[in-house]
Each structure stands twice: as structure tokens, then as C-alpha cells.
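[1] My questions are about this predicted structure, shown below with the sequence.
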Amino acid sequence: MGRVLLAAPRGYCAGVERAIITVEEALRRFGPPVYVRKQIVHNTFVVDDLTRRGAVFVEELDEVPDGSLVVFSAHGVSPAVKGAAAQRGLRTIDATCPLVTKVHKEAVRMAEAGYEIVLIGHAEHEEVEGTLGEAPERIHVMDPARPDDLTADGSRPMSWLSQTTLAVDETMRAVTELRRRFPDLADPPSDDICYASQNRQEAITRIAPECELVIVVGSANSSNSQRLVEVALNAGADAAYLVDRAAHAEEEWLDGVRTVGVSSGASVPEGLVAELLDWLANRGYADVEPVTLTEETLTFSLPLELRSTRNPG
């Protein structure tokens, strides 16, 4: 009846895998409860699974009992949060993705060099909150969908950084607008968009023109998953939807569809993709053609606190 183009790379990136293993290893070594500030990664299945195993997810540190162990999520935290944890005497493990840490360090260097920094991203996202906290008096957040809201006046030298999970195209459009307003805008030392976000976006771009429908597995609060849907539509798919898992897909989406594209965000377990493929196979889409753009081999070491036998603190 129909076929499926299965995009690769998809699913877990190195930073997400590191963060999830960090919580699993903390539970193994120190036993539950292990508190986690915010969602360790933006995926409801992963959070529910870790909760069943003894992780306790909290919004803020005041929900963590004194002396407890708390893990900082992959999205990073501000220096103020780290300071508050130290004041409380909390034992901490920092699972911030190293690529996010790189952006934090760039923000500090730019601020120390005298720049005003435009951080392209979504103000409500934890990653942006953490980066902003590195130099709040120097950083201005610019939503790529609302560039005119930016209030920076350019009275000092200007530079830019970006949230790592944005779409490459939307970031470049924002930079173009910034350069129109600030012709001497300085670039960061390297592109901040995460390699995994870029790879998944490029893979979606490859398959979307052949698809009447693209389904992306990912949670609604996952920025990189949301971007995949947008990229699919911009690349030529007739329709594209984001689903947390196969049970949320709708049969009416398949009406008149010959080719379905499938991918998943960087915080999605492969088992959820397999569920969707089974759902599609049961509806006549059993011919699955993998489309691999590149192979990902990057891995990150676990946080320092888990590389020794001492308790974290």
C-alpha cells in the first residue's frame, strides 16, 4: 500500500545519552531518591521511566531536601543555581551537555571582552535560562520568530550566540537581521547549533520532498523535535506532525498518502520509533527504506562526579 522513509541519524544524541546514563548510574551507585532539577531531557517516556526507577524530578532546588543528591539536566543551569545548591549543602552532579557548556563559556568570554551579546533562542527554554545566567547584564534574548522585539541599542560592540537546538535556517535568518541592524556584529568562534540537531534536520530535508506525510517522534516541549516538524514542512512535505508515541498518531493522516517519512528528536528512545513503525505496518506501510545521511560516532564522558568512587559533593 505504501512505504516509509526512515531518516537517520535520529534519536539519542551523545549529550542526551550521557545525561540519561548519568541519572541511571547515580541511582545505581547511591540509591534512590536521586533528585533531578527540571526534566533530565525533554521526553516524557524517559522521565516517566526514570521516575519509576527512583528519580524525583523537581522544578527548583527548594523542593530538594537538605543534603540530598541532585542532578542538573542536560540543558544546563546558571551559576546562580549552582551557587544556591552549594549554599544548601546539596550534593550535585552536573549532566549539562558539553555542547551547551561550550556556549556558556563563549558567553563568559564575550562578556569579559566587552561585548553585548544577543542570544538567539526561546526565552522560556531551560538552555536559554542557563546561558543567560552567565552574564545577565550583557545578554539580550532574541526570539527568532520575533526579531523586532529585541531592545539592544548597539551602543557597545555586539556579538551573537544561539540556543543549540534551533533550526539552522531560522538561526541564519536571525543573524542576517541582526547584521542589518548591527553591521559590525561579531560571530562566535564556532556555530552553536548542535551537530545532532543539524544532522537530524538535514536528514529530514533529504526525505521530506518525497513524502506526503512526515511523522516526528518527540515530546511537545522538545525544541529540537519541534524544529524537525518545521524543517519537514519547509522542505516540501505536505503535512508533518509531532507525536509523543505511536498511540498519538491519527489514522486520518494516512488518507491518500503513499510515502510516510519518519524521524525522531534527539531525546527519543529508539523503541518509540519501533512502535510507530509497527503502527504504520499494521496500516499497510510495511515497506521501510532507511535513508542514512551520516553516521554519528561522538560520545561524551560521564560527569566527573561519576568517574570516581567518592560520593559527589
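    Okay, I see it. These numbers come from a predicted model, not from an experiment.

[2] Give me the neighbour count for L302.
    Neighbour count for L302, taken as other C-beta atoms under 10 Å: 15. C-beta here means a position set from N, CA and C on the backbone, and glycine is covered the same way.

[3] what residues are up against the closest residue to it other than its chain neighbours?
    Once flanking residues are discounted, L302 sits nearest to T22: 6.1 Å by C-beta to C-beta, 6 or more residues apart in numbering. Contacts here follow C-beta atoms under 8 Å, 6 or more residues apart in numbering; on that basis T22 touches 40, 71, 93, 95, 302-303, 306.

[4] For T22, give its distance to V56.
    From T22 across to V56, the span is 15 Å (C-beta to C-beta, to the nearest Å).

[5] L254 now?
    To V56, L254 is 40 Å away according to C-beta to C-beta.

[6] Tell me which of those two has more neighbours.
    L254 (19 against 16).

[7] Does the nearest residue to the more buried one once chain neighbours are set aside lie in a helix or a strand, and which?
    Once flanking residues are discounted, L254 sits nearest to R283: 6.1 Å by C-beta to C-beta, 6+ apart. Assigned by DSSP states H and E, R283 belongs to neither a helix nor a strand.

[8] any idea how far I120 is from R283?
    Distance from R283 to I120, by C-beta to C-beta: 40 Å.

[9] more neighbours, those two?
    I120 (27 against 15).

[10] tell me the least confident of the contacts of T22?
    Lowest pLDDT among these: L306, with 93.

[11] Would you confirm that that one contacts R28?
    No - checked against C-beta atoms under 8 Å, the pair L306 and R28 is beyond contact range at 9.8 Å.

[12] higher neighbour count, the two?
    Neighbour totals were compared for L306 and R28, and L306 leads with 19 against 13 (other C-beta under 10 Å).

[13] for the record, mean pLDDT for stretch 235-251?
    Mean predicted lDDT for stretch 235-251 stands at 97.

[14] Show residues contacting it.
    44-45, 204-205, 208-209, 211-220, 225-226, 228-230, 232-233, 253, 261, 272, 275-276, 278-279, 283.

[15] measure that stretch end to end?
    Distance across stretch 235-251, first residue to last, is 23 Å (C-alpha to C-alpha, to the nearest Å).

[16] quick one: it to chain centroid distance?
    The chain centre lies 19 Å from the centre of stretch 235-251; the measure is C-alpha atoms, centre = their mean, to the nearest Å.

[17] hang on, the earlier thing: give the contact list for the residue nearest to L254.
    By C-beta under 8 Å, 6+ apart, the neighbours of R283 are 1, 251, 254.

[18] Please save the CA atoms from the longest helix along the chain in PDB.
    Longest helix in the chain, counting residues (DSSP state H): helix 14-30. Only the C-alpha atoms of helix 14-30 are listed here, as PDB (Å, rounded to 0.1, in the frame of the first residue of the first chain):
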ATOM      1  CA  ALA A  14      25.600  12.000  22.700                       C
ATOM      2  CA  GLY A  15      24.500  14.600  25.200                       C
ATOM      3  CA  VAL A  16      21.200  13.000  25.800                       C
ATOM      4  CA  GLU A  17      22.700   9.600  26.200                       C
ATOM      5  CA  ARG A  18      25.200  10.900  28.700                       C
ATOM      6  CA  ALA A  19      22.500  12.700  30.700                       C
ATOM      7  CA  ILE A  20      20.300   9.600  30.900                       C
ATOM      8  CA  ILE A  21      23.200   7.300  31.900                       C
ATOM      9  CA  THR A  22      24.200   9.900  34.500                       C
ATOM     10  CA  VAL A  23      20.800   9.500  36.300                       C
ATOM     11  CA  GLU A  24      20.900   5.700  35.900                       C
ATOM     12  CA  GLU A  25      24.400   5.500  37.300                       C
ATOM     13  CA  ALA A  26      23.600   7.800  40.200                       C
ATOM     14  CA  LEU A  27      20.700   5.600  41.100                       C
ATOM     15  CA  ARG A  28      22.800   2.500  40.900                       C
ATOM     16  CA  ARG A  29      25.700   4.000  43.000                       C
ATOM     17  CA  PHE A  30      23.800   6.000  45.500                       C
END
